[in-house]
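Engineer: this is a predicted model, with the sequence first.
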Amino acid sequence: MTRLSAATLGQVPSSVQTPAYDRSRVTVGIVHLGIGAFHRAHMAAYVDDGLADDLSWGICGVSLRSATTKTALAPQDGLYALGVQSSDGLSPRVLGAVTELLVAPDEPETLDQRLADSNVRIVSLTVTEKGYCHDPATGRLNADHPDIQHDLNTDGFPKSAIGWLAYGLLTRKAAGVAPFTILSCDNLPSNGATLKQVLADFVALKAPAHTAWFEAEVACPSSMVDRIVPATSDEDRDAIHQATGLDDAWPVMTEPFSQFVVEDRFPLGRPNWEKHSVTMAADVEPFERMKLRMLNGSHSTLAYLGYLAGDETVADTMGDPAFKALIGTMMSDEIMPTLSMPDAIDLLAYRDALLERFSNTSLKHRTWQIAMDGSQKLPQRLLGTISDRLASGKPFDRLALGVAGWMRYALGTDEQGQPIDVRDPMADAFKQIDTGSADDRVRQFLALEPIFGTTLPANSLFVETVCAKLHQLQTLGARATIKANA
């Protein structure tokens, strides 16, 4: 079979959109750390749109650990298909914005050169919450993280994303090259400010003489990203082959909806993104909070409870009217009142759009996939909303059920007594949770300060409410508990 590549791109049917620019003339202006499926379905698509206007914004995609992405895409010259799935069917598109692929542990010298290149004006990243090597409860660097310890104590190349960013910035400073702008595209509250704080902590330990320069000169704008991108299956690869006539080792599949809100702070310039549906804003925080709480908080709640109920995908979970009612009411009654949005934003319409997106049966978004790394996600997706509800004296029962669902999931055994493959940086700590009553288990989870901090565990109403919800899950099971709380 013929594989997608620069040489075979002309064989793609005219019904499939292909790059509308001369790829041979594209130069790298963006280095992206964490070249995973989400970036390739989201930011890379916006960059691809903009290359028709300015060819200097090509992407060098960097994997910080695994060579899997490069192995799949390098033989394809960085080309890959983006499959947009809706109830009307599949609409594929071939993207060409990724012009170079690197694996940091295997090619550190090349990555060093790229970061030092004055043509590189933006370094963006999607490394998930755990890639920031920080304490989610405080937003500060976890200096005891093994990768951070390595990076602080070596004169050689770093391992972590934080280490590489600092390394690149300090290299440019030594060479008299202006610092690149760092754009976080991860689901973190105030992701730009959080990243800058973590980096400032790192620089203060690694190169304290440069802290004032870093604070004054390095821009870390915030962003809000929104697009559902499930894991690619062999069935997806077959569908892309049928549509394009070519083999693609790693296409990415997504939904029609896509949103990108970016704080407009780029000292060295940026693509003309506003021309291509990106919202360039003075303040991203309201949009970010809306998305983290309404989409991500609801998504995580669906994932934990849906998995426990035996549902493989989010759409399966939303097929149960009780689940759909629970999530809809949680958004309208418990989450939306905590948000303050510009007048033009209709939160009820946003809620309805989310319910429709979650119900998209063409997206096989697995509950197990969304449930990963819950310890890193819980503070911003659910706990912050609960804190606001407590401060206003308002109920938070459905949000508490989401927290209890995570605890029940993190215990590592499903309702049939089968083991759950819990993927989480704190999985070893979860294994130390002793068996016992729901109250005992809740209190042991709440003692995990990196997740819960100290304020919520000291609030008796929060503790009692979560205990009651976990007790329901342990005695009734997830599906019956959902019906009781919808």
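Structural biologist: In hand now; what should we look at?
Engineer: low-confidence ranges, this structure, go.
Structural biologist: Scanning the chain for pLDDT under 70 picks out nothing.
Engineer: all strands for it, in order.
Structural biologist: 28-33, 58-63, 80-86, 89-95, 98-103, 122-125, 134-135, 140-141, 181-184, 223-226, 252-254, 259-263, 279-281 (DSSP state E).
Engineer: and the closest residue to Thr71 other than its chain neighbours, how many neighbours?
Structural biologist: In space, and not counting its chain neighbours, Thr71 is closest to Ala249: 7.9 Å by CB to CB, 6 or more residues apart in numbering. Just so you know, the C-beta spots here come from the backbone N, C-alpha and C atoms, and that holds for glycine as well. By other CB atoms under 10 Å, 17 other residues sit near Ala249.
Engineer: cool, and Gly393?
Structural biologist: For Gly393, using other CB under 10 Å, the count is 7.
Engineer: and it, backbone torsions?
Structural biologist: Dihedral angles of Gly393 (phi, psi; degrees, to the nearest 10) stand at phi 70, psi 30.
Engineer: state the distance from it to Ser340.
Structural biologist: Plainly put, Gly393 is 18 Å away from Ser340 if you go by CB to CB, to the nearest Å.
Engineer: again with Lys324
Structural biologist: From Lys324 to Ser340 the distance is 27 Å (CB to CB).
Engineer: looking at those two, which one has more neighbours?
Structural biologist: Lys324 (18 against 10).
Engineer: so what's that one closest to, chain neighbours aside?
Structural biologist: Using CB to CB, 6+ apart, the closest residue to Lys324 is Met318 (5.3 Å).
Engineer: again with Ser332
Structural biologist: Looking at Ser332 with CB to CB, 6+ apart, the closest residue is Arg351, at 5.9 Å.
Engineer: who touches that neighbour in this structure?
Structural biologist: 294, 328, 331-332, 336 (CB atoms under 8 Å, 6 or more residues apart in numbering).
Engineer: which one (most neighbours) among these?
Structural biologist: Top of these by neighbour count (other CB under 10 Å): Met294, with 25 neighbours.
Engineer: does that residue touch Gly328 like I think?
Structural biologist: No. Using CB atoms under 8 Å, Met294 makes no contact with Gly328, being 10.8 Å away.
Engineer: His241 - nearest residue in space that isn't next to it in sequence?
Structural biologist: Asp247 (5.8 Å).
Engineer: hmm, back to that, residue contacts, the residue nearest to Thr71?
Structural biologist: Counted by CB under 8 Å, 6+ apart, Ala249 has contacts 3, 71-73, 75-76, 237.
Engineer: would you format the contacts of Arg351 as TSV with distance to Pro425 included?
Structural biologist: Conversion of the contacts of Arg351 to TSV gives the following (distance: CB to CB, whole Å):
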residue	distance to Pro425
Met294	25
Gly328	32
Met331	28
Ser332	33
Met336	31
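Engineer: which one of those residues sits closest to His32?
Structural biologist: Checking the contacts of Arg351 against His32 by CB to CB gives Met294 as the nearest, at 26.8 Å.
Engineer: quick one: residues contacting the closest one.
Structural biologist: Per CB under 8 Å, 6+ apart, neighbours of Met294: 331, 335-336, 339, 347, 350-351, 354.
Engineer: from the residues you listed, pick the one nearest Leu169.
Structural biologist: Distances from Leu169 to the contacts of Met294, taken by CB to CB, are shortest for Leu339, at 34.6 Å.
Engineer: from Leu348, how far out is that closest one?
Structural biologist: Distance from Leu339 to Leu348, by CB to CB: 12 Å.
Engineer: out of these two, which sits in the more crowded spot?
Structural biologist: Neighbour count, other CB under 10 Å: between Leu339 and Leu348, Leu339 has more, with 16 against 10.
Engineer: need the contact list for the closest residue to Ala429 other than its chain neighbours.
Structural biologist: Nearest non-adjacent residue to Ala429, counting by CB to CB, 6+ apart: Leu448, 6.1 Å away. By CB under 8 Å, 6+ apart, the contact set of Leu448 is 375, 426, 429.
Engineer: same check, this time on Ser124
Structural biologist: 30-33, 39, 43, 182-185.
Engineer: now Pro337
Structural biologist: Contacts of Pro337 by CB under 8 Å, 6+ apart are 392, 394.
Engineer: show me which of the contacts of Arg351 is closest to Val177.
Structural biologist: Met294 (40.9 Å).
Engineer: how close does the closest one get to Pro208?
Structural biologist: 41 Å.
Engineer: likewise Gln444?
Structural biologist: Gln444 is 39 Å from Pro208, by CB to CB.
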